[in-house]
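>>> Task: produce atomic coordinates for the following.
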Amino acid sequence: MNDKAIDMRKRTGLVLWIAALSLCIGWGCEPGEDTQPDVGDDVGEKETTEYCGDYEVEGPYSVGLKETQLEDGTPFVVFYPAADGAADEPRVEYDMRDFLPEDDRELIDDEDAPLFEINAAADVEASDDGPFELVVFSHGMAGYRLQSSRLLAHLAGWGFVVASAEHEERNLAQVLEDATDIDDQAPQTVRQMVDALGELNSDGDSTLHEVMDVDRIAATGHSMGGNATSSMLEESEVQAAIFYGSNASAPEEASVPLMWQGGGTDDLVTLSQIRDTYEQSDPPKSLLGLEEAGHLAFADICAIGAEDGGVLQIAADSGIDVPYVIEVLGEDGCRSTDLDVQKGWPIIHHYSVAHLRDAFGIDEDPVGLDDDTAACFDEITDLEWQRHL
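So this is what the prediction gives:
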């Protein structure tokens with residue numbers, strides 16, 4: 001990334017901070033009082049008007065979304081900062097039926113279709129403020145490439161290009177059909193995706209032409225996707241990593257800033273397991289524990305069809321045979337005893353953006369990675385925050 005682009009990104013953050021400060025001066029607000037735009041569900045519809053972290057609200061960019069594929073036909077999706085005017089375009093929706101086995105899709109009627117709106121517009125013009133750092137994401141077991149669209153779109157709104165591939169050997173459709181023989185190819189798929197993104201970046205006819213800095217990459221993944229994240233740390237271009245609901249460890253030779261995020265009610269990958277991995281890893285490193293959150297706190301799934309009992313209930317009511325492994329995976333984080341995911345998302349969003357901006361040097365000094373910010377979020381849910389540099 002050239003110095004001019006970095007300076008522009010830093011100035012964008014400074015302008016937002018000055019704007020917030022000027023509102024406080026004009027209105028006499030106290031520290032932590034909400035001076036950011038009202039973004040509704042994107043900040044979990046908090047009961048108060050206070051916010052804790054600068055990056056929990058939507059970023060300065062509208063978001064574009066491009067669906068494409070690898071040479072072998074494996075689909076992947078790219079979220080990217082969009083040019084002005086994209087916010088006026090219709091938002092993309094995805095239909096969970098598209099990620100089911102073909103024989104099961106027709107069992108769910110259109111009126112019961114589990115739809116989810118993504119905060120992005122399809123194939124709109126990209127911002128020319130780049131090139132932007134690249135973030136690759138690997139979804140979890142029984143997941144799908146759009147499973148964490150709310151998180152990935154949020155990252156793109158703060159100036160990252162974010163790409164997520166379908167892991168067809170262990171995605172939702174495959175696990176619904178047969179979960180007995182899983183051969184995880186995610187590390188290879190993510191590397192192939194990076195190569196494909198490099199080609200799109202060089203293609204003068206591509207929407208993504210010269211939008212990415214493919215020499216500045218962060219690797220992220222949820223649950224089983226943490227294995228691909230760890231594998232990517234062997235690549236010299238990878239300069240940061242985030243493990244969501246995963247106790248995957250980093251290779252010994254990795255010396256880039258690492259972050260683990262986990263949930264205290266996660267029965268699949270427990271916070272204590274994640275903490276053990278964190279403690280055995282070398283700095284620089286950070287640990288975020290949302291004490292009341294479950295395994296799916298980092299995905300869209302708990303919010304899809306919630307008014308009808310959730311995705312699993314819709315599937316069962318439609319006559320789809322839901323295997324036990326899917327019942328376990330699909331409920332952890334969606335239970336009434338778990339933190340409402342929409343209350344957890346702002347915390348996850350803030351720390352993800354803050355970690356990446358700090359790791360890439362976009363922020364001259366860390367923003368919101370201090371004890372005061374953690375203490376503020378602690379009022380929403382019991383929070384564990386550790387950072388070792």
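>>> so where's the longest strand in the chain?
Ordering each strand of the chain by length in residues (DSSP state E) puts strand 212-222 first.
>>> Any idea how far that strand is from the middle of the chain?
12 Å (CA atoms, centre = their mean, to the nearest Å).
>>> what pairs with it, and is each one parallel or antiparallel?
strand 132-138 (parallel), strand 238-244 (parallel) (DSSP bridges).
>>> In stretch 253-265, which residues are buried?
Within stretch 253-265, the residues that count as buried by 16 or more other CB atoms under 10 Å are Ala254, Pro257, Leu258, Met259, Trp260, Gln261, Gly262, Gly263, Gly264, Thr265. C-betas here are computed from N, CA, C, even on glycine.
>>> tell me how far that stretch is from the chain's mean position?
14 Å.
>>> got it, and stretch 271-289?
In terms of CA atoms, centre = their mean, the centre of stretch 271-289 is found 19 Å from the chain centre.
>>> So for that stretch, mean pLDDT?
Looking at stretch 271-289 alone, the average pLDDT works out to 97.
>>> surely Gly332 meets Ala293?
Small correction: residue 332 is Asp, not Gly. No. Contact between Asp332 and Ala293 fails when scored by CB atoms under 8 Å: they sit 9.9 Å apart.
>>> Need the overlap of contacts for these two.
Shared contacts of Asp332 and Ala293, defined by CB atoms under 8 Å, 6 or more residues apart in numbering, are found at Thr265, Asp266, Asp338.
>>> one step back: take the buried residues of stretch 253-265 and keep only those in helices.
The helices, defined by DSSP state H, take in nothing from those.
>>> Which of those sits closest to Tyr51?
Of all those, Tyr51 sits closest to Gln261, with 19.0 Å by CB to CB.
>>> Can you give me the distance of Asp88 to Lys285?
As judged by CB to CB, to the nearest Å, Asp88 and Lys285 stand 41 Å apart.
>>> Those two: who's more crowded?
Taking other CB atoms under 10 Å, Asp88 and Lys285 do not tie; Lys285 has more neighbours (20 against 9).
>>> Tell me the bridge partners for the residue nearest to the more buried one when sequence neighbours are not counted.
Nearest residue to Lys285 in three dimensions, chain neighbours excluded: Leu258, at 4.6 Å (CB to CB, 6 or more residues apart in numbering). Taking DSSP bridges as the rule, Leu258 bridges to Ala241, Lys285.
>>> related to what we said a few turns ago, give the buried residues for the longest strand of the chain.
Going by neighbour count (16+ other CB under 10 Å), the buried part of strand 212-222 is Met212, Asp213, Val214, Arg216, Ile217, Ala218, Ala219, Thr220, Gly221, His222.
>>> Tell me the one of these nearest Phe116?
Using CB to CB, those come closest to Phe116 at His222, 16.2 Å.
>>> per-residue confidence at that closest one?
98.
>>> Next, work out how far apart it and Pro346 are.
18 Å.
>>> What of Arg275?
From Arg275 to Pro346 the distance is 23 Å (CB to CB).
>>> Which one's more surrounded, these two?
Comparing Arg275 with Pro346 by neighbour count (other CB under 10 Å), the higher total belongs to Pro346, at 24 against 17.
>>> Show me the residue sitting in the middle of this protein in space.
Central residue of the chain (CA atoms, centre = their mean): Leu151, 3.3 Å from the mean position.
>>> just checking, that residue is part of a strand?
No. Leu151 is assigned helix when assessed by DSSP: H, G, I helix; E, B strand; the rest coil, not a strand.
>>> Please list all residues in contact with it.
Applying CB under 8 Å, 6+ apart to Leu151 gives the contacts Phe298, Ala299, Trp345, Ile348, His349, Ser352.
>>> Likewise for Pro187?
By CB under 8 Å, 6+ apart, the contact list for Pro187 reads Asn227, Ala228, Ser231, Met232.
>>> let's go with 7 Å and repeat that
By CB atoms under 7 Å, 6 or more residues apart in numbering, Pro187 lies in contact with Asn227, Ala228, Ser231.
>>> Closest one of those residues to Asp109?
Ala228 (35.8 Å).
>>> Helix or strand: which one has that closest one?
Using DSSP states H and E, Ala228 sits within helix 225-232.
>>> From the contact counts, what lies against that helix?
When contacts are defined as 3 or more CB pairs under 7 Å, 6 or more residues apart in numbering; DSSP states H and E, helix 225-232 packs onto strand 132-138, helix 186-202, strand 212-222, strand 238-244.
>>> and these, which is most packed in?
The highest average neighbour count among the helices and strands packed on helix 225-232, using mean count of other CB atoms under 10 Å, belongs to strand 132-138 at a mean of 28.
>>> what separates that one from the chain centre, distance-wise?
10 Å.
>>> Measure how that strand sits relative to helix 225-232, angle-wise.
130 degrees (axes from the mean of the first three to the mean of the last three CA atoms, to 10 degrees).
>>> follow-up on the earlier one: could the buried residues of stretch 253-265 go into TSV alongside distance to Asn201 and pLDDT?
Below are the buried residues of stretch 253-265 laid out as TSV (distance: CB to CB, whole Å; pLDDT from 0 to 100):
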residue	distance to Asn201	pLDDT
Ala254	25	85
Pro257	24	97
Leu258	26	98
Met259	26	98
Trp260	30	98
Gln261	29	98
Gly262	33	98
Gly263	35	97
Gly264	40	97
Thr265	40	97
